[in-house]
Every structure is written in C-alpha cells, then in structure tokens.
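Participant: The sequence isn't on hand, but the structure is:
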C-alpha cells in the first residue's frame, strides 16, 4: 500500500505532520479493507477499496458530515478521502470502540430520536450514495410511498433482475409495489434524517460509554426505516427501544410496516451476497402481500 500518498493527504487536511510508525490491519468489514494508522501520539482509521470506489467513500463522508452536523449522536470525524494509483481511501478519526451496554443503548435510543427530529421538506437526499456497496438512488420526492416503491424496492428489484434473479421474485415484487398503500392508511411519514443502515454492526460505544454510529447510508425518509433495521439482525436491548419510544413515540402501525422496510435490506443482501437470501426475500414479499390483503378485506 502506498501509505505516503495517504499521509500527504492527511497532513494537508490536518495542517500537521504525521509520522507513521505502524499500520495495523483491522477486521470486521465485508466490503472494504480497514487499517489503523498509528503515529507516536495520534491514530487514524482508514478504509481502502478499488480506485473506482472513491465516489462511495465521498458519499459516506457526506453522510458522516450530515450526521455530525445534527449534533445528535457521535460519529467519527471525517479527515480526508482520495485515491492512490491502486486504492481509494477514506480517513476518519480513530475511536477506541467497545460493545454497547444497557446505559449506552438507552443513550442511543434518546439520541436517535433527536437525530430523527432533523427534517427537510422532501424525501431523498442531495446526492446518491450506497447501501453496502450497492447503489442507493436518492431522488427528490414529495410522496413517501412513491419514493419507497421506486427508489428503494424498485431499485433493488432492478439490480436483482440484472443479477439473474427473475421469475417469482420479480412477479411478487411487482405485485407488492402496487399494493403497499393500505399500510400507510392514516399515517403520514415526515422526511427525517436517517442513518439508513442502522444494524448492530454499525454501532458501538466510545471510551466514555457514549454511542457512536458509522457506515451510514443517509437520506431523509420515514424514521421507522431506521427502527426496523435495528430489529433485523439481532436487535438491541429493551432499554434502547424504551428510550426511543419515550423521546419520540412511534405510530401504532409501525409493526405492520416494519417487514416492508426490512425487505429492502434483504433484497440488498441478495444482490450483495447471493442466492442464500432469495427464499427469505420471496417469503417476506408473500407474507407482506397476505397481510395487506387481510387488511383490505
């Protein structure tokens, strides 16, 4: 790895010298390589990927900056992103992270509620970004249902078709996209700033026990999408959900919409990781359609 190019970018961004003593590879990610760059009394966290992935890192940096500007939850400070001949890179503040405990999960619930109170007049975002390494399109919409049909489910179904997943998946997807209106009867989502990929692997605690969130896929959407994602892969403790609910109560219909919102991530996992997620996606679609039919009838 051409660390000298990265160091020059760091020194330019911080206006301080950085004398690299050690580059330590880190584990935990599926998409990027990660390292801790250590000097005598400072460290940085760096992600690496192929040079053509620089726009992914630039979009991630914009998401981290948006979350930081909300002043709701701690995120790693963005230092710089760029590329060498062989690698795109994103350099962030290094934070010594540990697992959440009950107190930090309670704080996370309170602070996520604060984040979700940041609004704008439309759904979407000012730029496209990625969910994992899949493209995430963030066009500007006034209507949330249309946004979710086209920019989320429709986009993932198109990716799936391009990846060879047609047949029943596409038939169910088309039927579902046309049928979701009853899930929103009596409910008007507001465009809240959301993390966008808020599962347990993207949250930790700093040395003071304060929650830290990272790896965002930000946009302005229904805040329920973040809550749904927290329940998809393992979930958080009751302290988190109780704290969120006390700070910013959810609509009673959230439980009915949760599978619809989590379907987006299962489809994305199908597109990222392959056929092992196909049956789960089809079953979710079938069950959501059945639940909508039962509501209508």
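Facilitator: In hand now; what should we look at? Bear in mind the structure is a predicted one, so any value in this text is a computation, not a measurement.
Participant: Strands along this structure, start to end?
Facilitator: 22-26, 33-38, 43-49, 78-83, 88-93, 129-131, 134-136, 192-194, 203-205, 211-213, 219-221 (DSSP state E).
Participant: Partner strands of the longest one, with direction?
Facilitator: So the one you mean is strand 43-49. Sheet pairing for strand 43-49, assigned by DSSP bridges, gives strand 33-38 (antiparallel), strand 88-93 (antiparallel).
Participant: that older thread, which of the strands of the chain has the highest mean neighbour count?
Facilitator: Highest mean neighbour count of the strands of the chain: strand 219-221, a mean of 27 (counted as mean count of other CB atoms under 10 Å). The way it works is simple: take the backbone N, C-alpha and C, and place the C-beta from them, glycine included.
Participant: helices and strands around it, which ones?
Facilitator: Judged by 3 or more CB pairs under 8 Å, 6 or more residues apart in numbering; DSSP states H and E, the packing partners of strand 219-221 are strand 192-194.
Participant: circling back: nearest to residue 106 among the strands of the chain would be which one?
Facilitator: Residue 106 lies closest, by CB to CB, to one member of the strands of the chain: strand 211-213, at 9.4 Å.
Participant: helices or strands up against that closest one?
Facilitator: On a contact count with 3+ CB pairs under 8 Å, 6+ apart, strand 211-213 meets helix 102-116, strand 203-205.
Participant: Just list what the shortest one packs against, helices and strands only.
Facilitator: Under the contact criterion of 3+ CB pairs under 8 Å, 6+ apart, the helices and strands touching strand 203-205 comprise strand 211-213.
Participant: contacting residues around the strand it packs on?
Facilitator: The contact list for strand 211-213 (CB atoms under 8 Å, 6 or more residues apart in numbering) reads 67, 73-76, 95, 97, 100, 104-105, 107-108, 111, 195, 198, 202-206.
Participant: could you give the mean pLDDT of it?
Facilitator: Mean per-residue pLDDT for strand 211-213: 98.
Participant: Please tell me how far that strand is from the chain's geometric centre.
Facilitator: How far strand 211-213 lies from its chain's middle: 13 Å, per CA atoms, centre = their mean, to the nearest Å.
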